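S.K.: predicted coordinates and the sequence they were generated for:
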Amino acid sequence: MISESATPRVDSEVGPLRTVLLHRPGNELKRLTPRNNDQLLFDSIPWVDRAQEEHDAFAEVLRGRGVEVLLLADALRAALADPRAHAAGVHAAVDDRRLGNDLADSLRSHLSGVGASALAEVLMSGVTFEELPATDGASLVRKMHSPHDFAVDPLPNLLFTRDSSAWIGDRVAISSLTMPARRRETAVLDLVYAYHPLFRQAARAYGAHSAPIEGGDVMLLAPGVLAVGVGERTTPAGAESLARSLFADDVVHTVLAVPIEQERATMHLDTVCTMVGADAVVMYPLARDSLVAYTMRPDDGGGVRVDGPAPFLTAAAEAMKIDRLRVIDTGLDPVTAEREQWDDGNNTLALAPGVVVGYERNSETNARLEEAGIEVLAIAGSELGSGRGGPRCMSCPVLRDPV
Ligand SMILES: NC(=O)NCCC[C@H](N)C(=O)O
């Protein structure tokens with residue numbers, strides 16, 4: 001148990017996984033409709049019961065391998081038991097710009113009186129106008145909104161705990177998320193890390209409200225060596241400010257900024273590449289020869305030196321001090337490779353070197369990984385995948401043993 005024997009710490013992508021933060025999808029998924037799913041970053045409308053079954057099975061696979069699973073909703077409820085967290089949670093839920101001062105005040109006063117569980121539910125699942133508590137007097141805002149409009153937006157992408165925070169060494173970086181549909185996740189994770197007893201002592205890397213970074217772009221190639229994808233989500237400024245913060249605290253010595261296509265299919269670095277061993281990655285074949293990296297290192301004057309771009313595999317091997325970073329060749333034809341990349345075939349979660357969790361649907365990629373000696377623990381993801389994220393996206397490692 002993390003609480004008894006160890007403090008949070010993650011130095012690699014593949015060290016034996018001990019503790020992970022997941023989010024079991026809840027009522028927030030029931031808010032998705034054909035009218036709002038694009039804006040809420042889902043490609044279709046998930047069957048919620050089945051998504052929960054799939055997620056429970058995912059969590060069981062991890063527990064079966066000795067991993068302690070922390071659930072975000074439990075952690076949030078525990079954090080909100082602290083009155084300061086509760087007050088911050090109310091503040092995070094209510095948006096005066098949407099509700100106007102009167103309705104905002106009345107919602108704030110209502111939420112101030114609800115318990116931790118009810119407030120957690122509001123923060124995760126949102127509130128529609130028809131669900132708002134009754135108030136005296138007329139409100140133009142109430143009259144003009146449809147009853148099904150959101151007074152507080154739901155956060156269906158909480159499922160992807162990878163993106164909202166990331167541990168680097170003994171520091172946690174709470175992401176400043178790019179897409180409007182995910183921005184409030186920052187406040188939720190901020191509450192958990194500030195007030196949950198397990199995390200209260202945790203040191204932070206990077207300011208949660210700095211330039212955008214998302215954890216799906218953050219990859220610890222080796223102790224002290226971080227790759228950061230820069231594309232649709234993480235910006236160059238985000239990568240640079242994360243690097244500066246980690247250099248200042250002496251957490252890493254090298255950060256590789258890796259440009260990726262600014263497209264939905266490649267929204268994060270971990271959609272094209274994940275680590276499956278201490279010196280091995282599975283990578284989308286089309287990215288293999290095209291990925292490059294800018295290398296950032298601290299310079300003598302307290303600044304940051306930037307070199308490159310150079311081919312990613314070369315820059316990574318040099319920073320990791322290994323001869324080469326092996327790419328497990330999935331050998332897939334371009335059409336199968338594109339299909340399986342879209343379905344998160346390259347988005348594996350390593351439980352230890354050579355042991356990964358992957359979606360069962362990516363049968364070709366999984367077969368090639370097995371042929372290369374990687375054990376693939378296959379999970380169902382027909383519903384979970386509707387949000388376009390795989391096992392790595394759905395997990396935030398909190399404690400890994402050294403490789
Ligand atoms: N690391 C990841 O690739 N996460 C997947 C995030 C999917 C989510 N629907 C999003 O668009 O942000």
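M.R.: Thanks, I have it.
S.K.: if I pick Thr348, what's in contact with it?
M.R.: Thr348 makes contact with 274, 276, 282, 356-358, 369, 376, 390-392, according to Cβ atoms under 8 Å, 6 or more residues apart in numbering. In short, each C-beta sits where N, CA and C put it, glycine included.
S.K.: kindly recompute the last result at 10 Å.
M.R.: 13, 270, 273-276, 281-282, 355-359, 362, 365-366, 369, 374, 376-377, 390-392 (Cβ atoms under 10 Å, 6 or more residues apart in numbering).
S.K.: just the residues you listed that are near the ligand?
M.R.: When these are filtered against the ligand using Cβ under 6 Å from any ligand atom, the residues retained are Asp270.
S.K.: which members of the contacts of Thr348 are positioned in helices?
M.R.: 365-366, 369 (DSSP state H).
S.K.: tell me how this protein divides into domains.
M.R.: For the chain, automatic domain parsing gives the domain ranges 7-72+156-400, 76-152.
S.K.: gap between the two ends of the longest one?
M.R.: Domain 7-72+156-400 has an end-to-end distance of 10 Å (criterion: Cα to Cα, to the nearest Å).
S.K.: got the domains of the chain as JSON lines, with mean pLDDT columns?
M.R.: JSON lines is the format used below for the domains of the chain (pLDDT from 0 to 100):
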{"stretch": "domain 7-72+156-400", "mean pLDDT": "94"}
{"stretch": "domain 76-152", "mean pLDDT": "95"}
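S.K.: looking at those, which is buried most?
M.R.: Each of those was scored by mean neighbour count; the highest is domain 7-72+156-400, a mean of 20, by mean count of other Cβ atoms under 10 Å.
S.K.: doesn't Ala81 make contact with Val192?
M.R.: No - counting by Cβ atoms under 10 Å, Val192 stays clear of Ala81, with 11.9 Å between them.
S.K.: contact partners for the closest residue in space to Ala316 that isn't next to it in sequence?
M.R.: What sits nearest to Ala316 in space, not counting adjacent residues and going by Cβ to Cβ, 6 or more residues apart in numbering, is Leu325, at 4.8 Å. Contacts of Leu325 were listed using Cβ under 10 Å, 6+ apart, and they are 221-222, 273, 275, 277-281, 283, 312-319.
S.K.: over to Val152?
M.R.: Taking Cβ under 10 Å, 6+ apart, we find Val152 in contact with 92-95, 98-99, 107, 111, 122-129, 131-132, 184.
S.K.: could you rerun that using 8 Å?
M.R.: By Cβ under 8 Å, 6+ apart, the neighbours of Val152 are 93-95, 107, 122-123, 126-127.
S.K.: again, but for Gly207
M.R.: Listed by Cβ under 8 Å, 6+ apart, the contact set of Gly207 reads 176, 241, 245.
S.K.: grab the nearest non-local neighbour of Arg98.
M.R.: That would be Ala151: by Cβ to Cβ, 6+ apart, it lies 7.0 Å from Arg98.
S.K.: surely the one you found and Leu132 touch.
M.R.: Yes - counting by Cβ atoms under 8 Å, Ala151 touches Leu132, with 5.5 Å between them.
S.K.: anything in contact with each of these two?
M.R.: With Cβ under 8 Å, 6+ apart as the test, Ala151 and Leu132 both reach 103, 107.
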